[in-house]
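Chemist: Test case, fold it:
(chains A and B)
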Amino acid sequence: MTTIEFDATKKLIFLDAGIISIDGSEIFYVPVVMDTGATVTILSPDLLVNLGYDPASPNLPRIRMITGSGVEYAPCLIVSGLVVGEERVNNIEILCHDLPVEAGIDGLLGMNFLNKFDVIVEHSSSQFHLKPI
Amino acid sequence: MDSQLEIKDITRLYKDEWVLLISPKVEKAKIKEGKVVFHSKDRGEVHRKLQSFKGNKALVYTGKVPENVEVIL
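Modeler: As a prediction, this is how the structure comes out:
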């Protein structure tokens, strides 16, 4: 089980998630927000290119994405691994999409990662726990 | 920009910027320290620099979401 401390004075739960490169040789930590309102994890295409993925490939499926401001389409690819604390989910689907720069993040940790765990958020102690199912 | 810095020093030195680190040290899903190799207030500029640096790295934003803004992602 991983326990992660967060800043309860902030309005969102920020953390640094590690993306594993396509060949498994590198890890790139990026700021994301834990988002139970996102069915899938979202990362900026630029980050994925740097790790050997090809979000611009015409062979990738483009997924219809319902956001707070409307419907958009984004390519979907499989990342070899996503790491949060001591926990890692392999071969996870990622939507390649840039988030507004004002949010100060480069991705959303969505339900396709979180649903591999019992997730316990304790605002009283500013911690959340990921317990693998 | 050639020594390992703690995140509190990175935040102080590069206020409200996107900072690219190599050799990051991470504990409990939080960046604790790293070596700064590039920084900018423009996230796109930092993204364009990524290909110059191979190996383990981390991207940090040292600013905050404005207090008077509500966020719906």
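Chemist: Could you use CA atoms for every contact and neighbour count after this?
Modeler: Noted.
Chemist: how far away is the residue most central in space within chain B from chain A?
Modeler: When C-alpha atoms, centre = their mean is applied to chain B, the residue found nearest the centroid is B:Val60 (2.2 Å). Separation of B:Val60 from chain A (C-alpha to the nearest C-alpha, to the nearest Å): 6 Å.
Chemist: Then B:Gly63?
Modeler: With the distance defined as C-alpha to the nearest C-alpha, B:Gly63 ends up 7 Å from chain A.
Chemist: Please look at that residue and B:Val19 and confirm they touch.
Modeler: No. B:Gly63 sits out of contact with B:Val19 when judged by C-alpha atoms under 8 Å, with a separation of 10.5 Å.
Chemist: does any bit of the helix or strand of chain A with the lowest mean pLDDT sit next to chain B?
Modeler: None of the helices or strands of chain A scores lower by mean pLDDT, DSSP states H and E than strand A:62-67, at a mean of 88. Yes. For a cut-off given as C-alpha under 8 Å from any C-alpha of the partner chain, strand A:62-67 has contacts with chain B, namely A:Thr67.
Chemist: Which strand runs longest in chain A?
Modeler: Ranked by residue count under DSSP state E, the longest strand found in chain A is strand A:70-84.
Chemist: From the contact counts, what lies against that strand?
Modeler: Helices and strands touching strand A:70-84, by 3 or more C-alpha pairs under 8 Å, 6 or more residues apart in numbering or on different chains; DSSP states H and E, are strand A:14-20, strand A:62-67, strand A:87-96.
Chemist: Tell me what angle that strand forms with strand A:87-96.
Modeler: Counting by axes from the mean of the first three to the mean of the last three C-alpha atoms, to 10 degrees, strand A:70-84 lies at 160 degrees to strand A:87-96.
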